[in-house]
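J.: one predicted model, sequence on top.
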Amino acid sequence: MRRDDALIDALSGGGPVQTGSADDHQLAALLANWRAEILEEPMPAGPHLDAIVAAVDQEISARHSRIDAGKRKRGGGPRPGTGCGCDFRNMGDGQK
């Protein structure tokens, strides 16, 4: 009982903990780490998931708008003579 009280007092004071076995040392380390986590400054609250989803949706919409605006500037569809997919460089020179 006294050893338990000494362990609790040492942990609460943040001082060194005297242990008699490896199991006691593991328990003391576990409790000391737990205490340190509790006493740490809490992490700041991050953005809510709804705010993240709204920001992603807004960025996707803005990107689509930029792409659509670029298509309108260029005149939209394909231009004559481009993109037929044929290679006419070797036609008619006798190669088979």
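T.: Nice, thanks for sending it over. Remember, it's a predicted structure, so these values are computed and weren't measured experimentally. Residues are numbered from 1 along each chain as shown.

J.: how about stretch 49-64 as CSV, C-alpha atoms only?
T.: Output in CSV follows, covering the C-alpha atoms of stretch 49-64 (Å, rounded to 0.1, in the frame of the first residue of the first chain):
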residue,chain,number,x,y,z
LEU,A,49,-15.9,18.5,-42.1
ASP,A,50,-18.8,20.5,-43.6
ALA,A,51,-16.5,23.5,-44.1
ILE,A,52,-13.9,21.3,-45.8
VAL,A,53,-16.5,19.8,-48.2
ALA,A,54,-17.9,23.2,-49.0
ALA,A,55,-14.4,24.5,-49.8
VAL,A,56,-13.6,21.6,-52.0
ASP,A,57,-16.9,21.9,-53.9
GLN,A,58,-16.3,25.6,-54.4
GLU,A,59,-12.8,25.0,-55.8
ILE,A,60,-14.1,22.3,-58.2
SER,A,61,-16.9,24.7,-59.4
ALA,A,62,-14.3,27.5,-59.9
ARG,A,63,-12.1,25.1,-61.9
HIS,A,64,-14.9,24.0,-64.1
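
J.: so for that stretch, what's the average pLDDT?
T.: Average pLDDT, stretch 49-64: 93.

J.: if I look at the closest residue to A32 other than its chain neighbours, what pLDDT would I see?
T.: Closest residue to A32 apart from its sequence neighbours, by CB to CB, 6 or more residues apart in numbering: L11 at 5.8 Å. Placement of C-beta: from N, CA and C, glycine included. Looking at L11, its pLDDT is 75.

J.: L11: which element?
T.: Under the criterion of DSSP states H and E, L11 resides in helix 2-13.

J.: elements contacting that helix?
T.: helix 22-39 (3 or more CB pairs under 8 Å, 6 or more residues apart in numbering; DSSP states H and E).
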